[in-house]
Structures are given as structure tokens and as C-alpha cells.
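In: any chance you could fold what I've pasted below:
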Amino acid sequence: MSEVSARPRPLDLLYGETETELRSAVRGVLADKAAWPDVLVRTETTETYDAALWHTLAVDIGVAGLLIPEELGGAGASYREAAVVAEEIGRAVAPVPFLGSAVIATTALLAAGAGSDGDALRRIASGVVTAALAVPFAAGPFPAASGRELRAAVRLDAPEPGDEPGSYRLTGVVRSVADALLADVLVVPADGVPYGLYLVQVGTGVRKTAVVSLDQTRQLCDITLDRALAWQVASGEAAERAVAAALLAGAGVLASELLGVAERCLDMTLTYVKERKQFARPIGGFQAIKHRLADLWVLVTQARAAARAAADALGPQPAADAELLVALAKAACSDAALKAAQETIQLHGGIGFTWEHPAHLFLKRAKADSIGLGTADAHRGALARLADLPAPG
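Out: Numbers count the residues shown, from 1 in each chain. Below you'll find the model as predicted:
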């Protein structure tokens, strides 16, 4: 057995008072401004992200700077609080870039350490700008130092006369980036000597093209950089560690978002089977329905424990067992969310298959998130490696 699996770290899986209060605040905003009919209508427009809702969450609630230290204008909270926000966003399938900006891009900058841009973090914390890490949404956090496999997308270009000292030019295309359509600042891994992590202000030399996405509540986009002006925040191994930490944190918090999807699907279905009647009795009273919902409840409860354990281990400098716990959580929560969404559609009967019912929104978010930042099978393979278990067949 590995040292990680042989000497487990004590975990606190319960929600604290601060987390409970944060959940209440976020849920209240989402109930008021992100009811599912409003989300459904937005998916049929060209502006699939809700900029006004994001401003409310980012500025009024302060979720944009949740992970940023207080000295840089943030809340100095932990990934446990970030996971609670992600749960609520999953419950509402809210079209906001919390994961991309407040978790993934922010973690990349925090993990870059002394070389990171404090001014960028202050602006993210204030809600003035939204950021995104320019990597494909399907990029998984394993193996560690995963920045190496992202090198080919963007390269350093020759500087132009009059460029500021210390600035760079970047050229390349990054495909299928999540939560980047609203981004004002991009955190870009780029090939060079040495490999580096760069900040790019969206503007001249940057083009974002929305792509057809299964989940319109988190629409992907292609990012084209054409000699875009950039500033380095980390290089070499520090840049690789920052990208790896960001992807690991993203996968861990995405597991909590999947948990939120699963919980909402279970809640909706429980409510429906108590109200829908067949043969003069609620369908929830039939034994076959009870068994299916009981199995789903167990699956969601297990997923919650895994998601909480992963959130507890995350940070710019993650715990020794963070990779193992994130792999477990992402696999478990992906399975739970997909199963819950499928059961929701089936147990709602004919209405569950219609566009006018929200069930398809949750199925699409569950499916897209289960692929994002590493599939369940990829994480199970990593889990087997990290726990010294035989790889799944």
C-alpha cells in the first residue's frame, strides 16, 4: 500500500456554521435570479451566460474572491466554502463562471506563488474582472505537472518594437475552454524557453468563438491568440505546478457541483412522486419506485462524503492525499449526477422528456461536467494508481 492510503488524514465532512450561512445566501440569490424557467430561456439566446447574476454573486455575495487572501481583497476562505457555492450553482444549473474564474484561474495565480500578479487577484476579488485558465475543459488533472501536455496549444512569439520591458507576445489556439466567454483576463500556459504561465488582457489579439455545447448553461468557446500581449506570472516547474494545482482544484470543486446537480434531481423527483397519482395513490408509494429512490439516495449520500473529503484536502498547496480524494470524488459524483438526472427524467414520465421541463437542463449539466476535467473512468484509473489497486478493466 502507498503511504497516502496507509496513513489517511483525519477529515471533517460536516458543514460548519460559515458554510451553512454562505449556502443560505447563495441559494437565496439563485432562487430569486436563476429560476429554471429563466435559465431555460437564456439557453435559447446568444448570451448564454448571465452577466448580471454573476455580478450579484461576485460583488454582493463576494464569491469571486472567496479563495483570495484578505490582504489582496478577498475573503481568505477555504475550498470547503468554494465547494458549497459550487453545490448551489449545480442545484440551480446557474449560467455563471464561478468554477472557471473564482476557482481554476484563481488557484493558478495563487499557486504561482511569488511570481503571481497581485493586482490581477485584487481585481478578480473585487468582481471588476472575470478570469479563465486557457485550457480545454476536458483536460484532466492527472498526471501531475499536466502543464507539459498543454504546451503545444500556445507559443511565445517575437516581441514588437515599443513593447514594455518584461512583456511577451503569445500566438495559438485553445479549443473548448469553459467559463471563458465572460472572461476579461486569461491565464495562459504557453510553450517557450522555459515553459510559462502568462496573463493576457482580453482585447487586441484575442478572439473568443462560442462553440456548440451540450450544456448551454456552461457554453464552451475557442480562444485564438494572435500575437496577444502578455505578462509572465510563473515559469518552468513553478508554472507546471500552478497549472496542475488549478486543474486539481477545478476537478475537486466540480465534483461538488455535480453533487448539487444530483441533490436537486433527487429532491425534484421525491416531490413529484409524492404528488403524481396513479390508480388513486401517489406513485411514490409503489415498491419499485421506493427501491429506485432509495438506491439513488444512497448513491448521493456516498457522493457527498467523497466531495466533502476532496474539498477538505484542496488548496494552492494541496494535501498529500488530495489527488486520491479528488479522483474518488470526481468519479463518484459524476456517476451520482448522471444516475440522478436519468432517474429524474424517467420517474417524471412523459413530462420529464419535454423541453419545457427542467430535467434536461440537469442531464446536460451532469453529462458535460462528468466529462469536464477528466472523465469518471480517467479518475478511477488515477485512483487505482494512487491507492496501489489494480487498474479497472
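In: and Thr209, helix, strand or coil?
Out: strand (DSSP: H, G, I helix; E, B strand; the rest coil).
In: got phi/psi on the nearest residue to it once chain neighbours are set aside?
Out: The shortest distance from Thr209 to any non-neighbouring residue, by CB to CB, 6 or more residues apart in numbering, is to Asp222 (4.7 Å). Any C-beta I mention is one placed from the backbone N, CA and C, and that applies to glycine too. Main-chain dihedrals, Asp222, degrees, to the nearest 10: phi -90, psi 140.
In: how many residues are close by Asp222?
Out: By other CB atoms under 10 Å, the residues close to Asp222 number 16.
In: could you do Ala294 as well?
Out: Ala294: 10 neighbours (other CB under 10 Å).
In: gap between Thr217 and Leu247?
Out: Distance of Thr217 to Leu247, computed by CB to CB, to the nearest Å: 21 Å.
In: do the same with Arg123
Out: Between Arg123 and Leu247 the distance, using CB to CB, works out to 23 Å.
In: and those two? which has more neighbours close in?
Out: Per other CB under 10 Å, whichever of Arg123 and Leu247 has more neighbours is Leu247, with 26 against 20.
In: residue ranges of the strands in this protein, please?
Out: Counting by DSSP state E, the chain has these strands, from start to end: 131-133, 154-157, 167-177, 185-190, 196-201, 206-210, 221-235, 277-278, 281-282.
In: would TSV of these with mean pLDDT and distance to Asp312 be doable?
Out: Shown next, in TSV, are those (pLDDT from 0 to 100; distance: least, CB to CB, whole Å):
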stretch	mean pLDDT	distance to Asp312
strand 131-133	97	23
strand 154-157	89	34
strand 167-177	94	28
strand 185-190	95	25
strand 196-201	94	26
strand 206-210	96	35
strand 221-235	94	26
strand 277-278	68	43
strand 281-282	74	39
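In: returning to that earlier point: my read: the residue nearest to Thr209 touches Ala178, true?
Out: No. In this structure Asp222 lies outside contact range of Ala178 using CB atoms under 8 Å: 11.7 Å.
In: can you tell me which helix in the protein is longest?
Out: For the chain, the longest helix by residue count, based on DSSP state H, is helix 236-275.
In: count the neighbours of Ala210 for me.
Out: For Ala210, the count of nearby residues is 16 (other CB under 10 Å).
In: kindly report the same for the one 4 residues further on.
Out: As a burial measure, Leu214 scores 13 neighbours (other CB under 10 Å).
In: contacting residues for it?
Out: Contacts for Leu214 (CB atoms under 8 Å, 6 or more residues apart in numbering) come out as 364, 367-368.
In: just the closest of those residues to Ala131, please.
Out: Ala368 (20.8 Å; CB to CB).
In: isn't Gly166 right next to Val233, touching?
Out: No. Contact between Gly166 and Val233 fails when scored by CB under 8 Å: they sit 11.3 Å apart.
In: in terms of neighbours, single out the busier of the two.
Out: Val233 (23 against 7).
In: for the contacts of Leu214, give me TSV that also has pLDDT, distance to Thr43 and neighbour count.
Out: Formatted as TSV, the contacts of Leu214 follow (pLDDT from 0 to 100; distance: CB to CB, whole Å; neighbours: other CB atoms under 10 Å):
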residue	pLDDT	distance to Thr43	neighbour count
Lys364	96	9	20
Lys367	97	15	17
Ala368	97	13	20
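In: which of the residues you listed fall in helices?
Out: Per DSSP H, the subset of the contacts of Leu214 in helices is 364, 367-368.
In: how is this protein carved up into domains?
Out: The chain breaks down by automatic domain parsing into domains covering 3-129, 146-236, 241-386.
In: out of the ones you listed, which one sits most buried?
Out: The highest mean neighbour count among the domains of the chain, using mean count of other CB atoms under 10 Å, belongs to domain 241-386: a mean of 21.
In: now find how far off-centre that domain is within its chain.
Out: Computed by CA atoms, centre = their mean, to the nearest Å, the chain-centroid distance of domain 241-386 equals 13 Å.
In: ok, now stretch 87-103?
Out: When distances are taken as CA atoms, centre = their mean, stretch 87-103 is centred 7 Å away from the chain's centroid.
In: ends of that stretch, what's the gap?
Out: End-to-end distance for stretch 87-103: 13 Å, by CA to CA, to the nearest Å.
In: flag the shaky bits of the protein, pLDDT-wise.
Out: Scanning the chain with the threshold set as pLDDT under 70 gives 1-10, 114-117, 143-152, 193, 277, 280, 284-285, 316, 391-393.
In: mind doing that once more with 50?
Out: For the chain, applying pLDDT under 50 flags the ranges 1-6, 115, 145-146.
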